[in-house]
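Trainee: predicted structure and sequence below. I'll ask about it afterward.
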Amino acid sequence: MTRAPTRPRLLALLRWLGQHRYIKFGLVGASGTGVNLAVLYLAREYLFKALEGQQSRPYFSLALAIAVATLNNFTWNRAWTWADRSGPESGALSLLKQFGKYAAASWFGIVFQYALTLWLSTSMHYMLANLLAIVIASVCNFVANDRWTFKRR
């Protein structure tokens, strides 16, 4: 019995997923979650270990993790999720302006994620708290970015 090659199936699945904006947003968010958790762990355990200590909350590490993940997500959302809405604008100033809109649109979700993570980390591991907060805040981020940052022209 021969098995059909899995590579064409995987490519077909990726093409299908690519047709659905919210799924793209979710995949970008998943990559951002990985970036967020990796930066949070590295910063908490190595970079800011002396500042934060073992018993305190991860203020500096969490802020850095959110900032790096936001930049990651903006890059991928602009290039893939909302690539059809990028428009004729180009240049550093246009990119900076759009990133500003992206950051502003995401700000509520970022603040909500930050506060929720700190609150949840009082009763659970900080990594799990951060993961739950990311999932909850992602819905707000999608709606705001779809309607404002990458709106139809």
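Mentor: Now that the structure is in, tell me what you want to look at. Numbers count the residues shown, from 1 in each chain.
Trainee: what's the local residue count around T81?
Mentor: Neighbourhood size, T81 [other Cβ atoms under 10 Å]: 24. From N, CA and C alone the C-beta is placed, and that goes for glycine too.
Trainee: against T33, how distant is it?
Mentor: 15 Å (Cβ to Cβ, to the nearest Å).
Trainee: could you give the mean pLDDT of the helix or strand hosting V35?
Mentor: Here V35 sits within helix 21-42, counting by DSSP states H and E. If you average the pLDDT over helix 21-42, you get 93.
Trainee: list of residues touching that helix?
Mentor: With Cβ atoms under 8 Å, 6 or more residues apart in numbering as the test, helix 21-42 has contacts from 17-18, 58, 61-62, 64-66, 68-70, 72-73, 76-77, 80-82, 126-127, 130-131, 134, 138, 141-142, 145-146.
Trainee: kindly recompute the last result at 6 Å.
Mentor: Outside helix 21-42, the residues that touch it by Cβ atoms under 6 Å, 6 or more residues apart in numbering are 17, 61, 64-65, 68-69, 72-73, 76-77, 80-81, 134, 138, 142.
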